Every structure is written in C-alpha cells, then in structure tokens.
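In: below are the sequence and a predicted model; questions follow.
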Amino acid sequence: SRFQTDLAFYGRYPSFMNGVSQRSSRFMFYVVDELEKRNMPLELALIPVIESAYNPKARSPGGAAGLWQMMDGTGKVLGLKRTASYDGRHDVVASTDAAIDYLQRLGTKFNGDWYLALAAYNCGELNVVNAIARNRAKGLPVDYWSLPLPGHTRAYIPKILAIREIINSPSKYKVDLHPIPNRPYFAKVNVTSAMSLSAAANVTGVDVNDLQALNPALSRAATEPLMCKNLLVPASSAQSFASAINNL
C-alpha cells in the first residue's frame, strides 16, 4: 500500500526526520496549541512536515512559501500581507493562524471529514467538490480513498499517516527525534523603534541567529532598520529583550 511505501521511505531516511524534529522544536508547540484551542485534530500539525520539512524559510520552485507552503494568491485570500521587506507566508504566527483558519473552514465544509479537508488543502476545494459530484453521479462512494483525485493528493494522507506512525514509535524505525518541550519556545515582543535584527541582537544580547530563525518573514531584517510592530524572540529571553529595547 501507499502507506507502507511512505513508511519505508521516511524510515529509510532517519536524518530527514531528525532534521524535521529539530526545526519543528521551535514551532510545533505553537501549532499544536492553536489546534487544541479549536478542538481540531493534532495530526494537522504534521502538515508542515510534508509541506516544508518545518522550515519557515522554505520556497518551492512553483512559488509556494513558508511552513505551510502557500501560494501568493492563497496567502492574499487568507489575509497575509506582503511588502518589499515582509512576506506573511514566512511569518510563523501569521501563516499558522491563517492555515488553521482555512483548515477549520474546510473541516466544516466537508462535515468534519478531515481526510477530505486535507485533500482540499492540498489540491483546492473545487477539485474535491467536483470529484465527490463525479462519484455521486456514478453511484460510487465519496470517501477520500474512493475519489478520483490527483496523484499528489492521493499520496497526501498516507504520508501524514506514515509520519504519525514514525513519531509514535521512533525507536522501531531507528529515528532519533528531538524532544519538543511542552512550553512555548517563542514569545511576541512589541518593538516601537525602527532597528535591524543585528542591532536588536547587539542591544539585547539575544543571538541574532535566533532572531533570524524566528522572524523569517522579514527579508532584509538583518541589516536594514525595520519598523516592526512585533518580533518573535526566544521565550526565555522575552522579558529582558523587551526591557532592553524599550529602554532605548
């Protein structure tokens, strides 16, 4: 089955899963926490594993961007801003909130059938609606496994199920997963003065690499002053960061 094939694939590359678990340790708590608040399936937090390997800087050759790999048009529809120096699709908090809003709407549209909602997230809701209509007209079942969907969409759920299985039994697949602490990794700090990330790092003592990793939506942030309303900073440094910045 496709599930077994995917399981074999991910199991064969433990370094891929190790890298994913290391990157996701910054962001997974936030994603899971937002899903829990809305009583949505926590497996939806595995979407960025497939989409971007949990790299918020990821860009596909086709132009999709960020953790959730959104196209520019989708980002606009979902209210993500884009300027010369900021792309909301790379903003961990903004893109996650937009993706979860969208998934919640799809879950409602498909009457709580999350497989259909995920299929729609992958290939567009109109494609899924049309596939359902085609099967209905022929008197065929209309569940995810029975629908005439594009190949990449038929492969989508088996990939998520394979990754869930590896996360549930890492030692069985010889995968060494990075532990994800059950607390926020980052906090949002309000910044009122225009400054670059490297200047902010100098003033506050927070590692500039951490600031860049947490704020990938700011394309020229390292060197050019940005009038940011909010910056994400490591939660452990948030209070000292805020007081150092606001004392300037």
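Out: Looks like it arrived, so ask away. Nothing here was measured: the structure is a model prediction, and the numbers come from that model.
In: buried stuff in the longest helix seen in the chain?
Out: Ranked by residue count under DSSP state H, the longest helix found in the chain is helix 14-37. Using 16 or more other C-beta atoms under 10 Å as the test for burial, helix 14-37 gives 14, 17, 20-21, 23-32, 34-35. (Glycine included, C-beta is placed from N, CA and C.)
In: spatially nearest residue to the residue nearest the centre of the chain (excluding sequence neighbours)?
Out: Note on the chain: the residue nearest the mean C-alpha position is residue 67, at 3.6 Å, using C-alpha atoms, centre = their mean. The shortest distance from residue 67 to any non-neighbouring residue, by C-beta to C-beta, 6 or more residues apart in numbering, is to residue 48 (4.3 Å).
In: related to what we said a few turns ago, what's the farthest-apart pair in the buried residues of helix 14-37?
Out: 14 and 34 (28.5 Å; C-beta to C-beta).
In: show me where this protein has helices.
Out: 2-12, 14-37, 47-52, 72-77, 92-109, 114-123, 125-137, 151-154, 156-168, 197-204, 208-214, 238-246.
In: can I get those helices in TSV including distance to residue 176 and mean pLDDT?
Out: What follows is those, written out as TSV (distance: least, C-beta to C-beta, whole Å; pLDDT from 0 to 100):
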stretch	distance to residue 176	mean pLDDT
helix 2-12	13	71
helix 14-37	6	91
helix 47-52	16	95
helix 72-77	34	94
helix 92-109	25	97
helix 114-123	28	97
helix 125-137	37	98
helix 151-154	29	95
helix 156-168	11	90
helix 197-204	31	87
helix 208-214	21	92
helix 238-246	30	87
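In: between the ones you listed, which gets nearest to residue 177?
Out: Among the helices of the chain, if distance is taken as C-beta to C-beta, the winner is helix 14-37, at 4.3 Å.
In: could I get the CA-only coordinates of that closest one as PDB?
Out: Output in PDB follows, covering the C-alpha atoms of helix 14-37 (Å, rounded to 0.1, in the frame of the first residue of the first chain):
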ATOM      1  CA  PRO A  14      16.200   8.900   9.600                       C
ATOM      2  CA  SER A  15      18.300  12.100   9.000                       C
ATOM      3  CA  PHE A  16      15.300  13.700   7.300                       C
ATOM      4  CA  MET A  17      13.100  13.100  10.400                       C
ATOM      5  CA  ASN A  18      15.900  14.100  12.700                       C
ATOM      6  CA  GLY A  19      16.200  17.400  10.900                       C
ATOM      7  CA  VAL A  20      12.500  18.000  10.900                       C
ATOM      8  CA  SER A  21      12.100  17.300  14.600                       C
ATOM      9  CA  GLN A  22      15.000  19.700  15.300                       C
ATOM     10  CA  ARG A  23      13.400  22.500  13.300                       C
ATOM     11  CA  SER A  24       9.900  21.800  14.500                       C
ATOM     12  CA  SER A  25      11.000  22.100  18.200                       C
ATOM     13  CA  ARG A  26      10.800  25.900  17.700                       C
ATOM     14  CA  PHE A  27       7.400  25.900  16.200                       C
ATOM     15  CA  MET A  28       5.400  22.700  17.000                       C
ATOM     16  CA  PHE A  29       4.200  23.800  20.400                       C
ATOM     17  CA  TYR A  30       2.600  26.900  18.900                       C
ATOM     18  CA  VAL A  31       0.900  24.900  16.100                       C
ATOM     19  CA  VAL A  32      -0.400  22.200  18.400                       C
ATOM     20  CA  ASP A  33      -1.600  24.700  21.000                       C
ATOM     21  CA  GLU A  34      -3.600  26.600  18.400                       C
ATOM     22  CA  LEU A  35      -5.200  23.300  17.100                       C
ATOM     23  CA  GLU A  36      -6.000  22.300  20.700                       C
ATOM     24  CA  LYS A  37      -7.700  25.700  21.400                       C
END
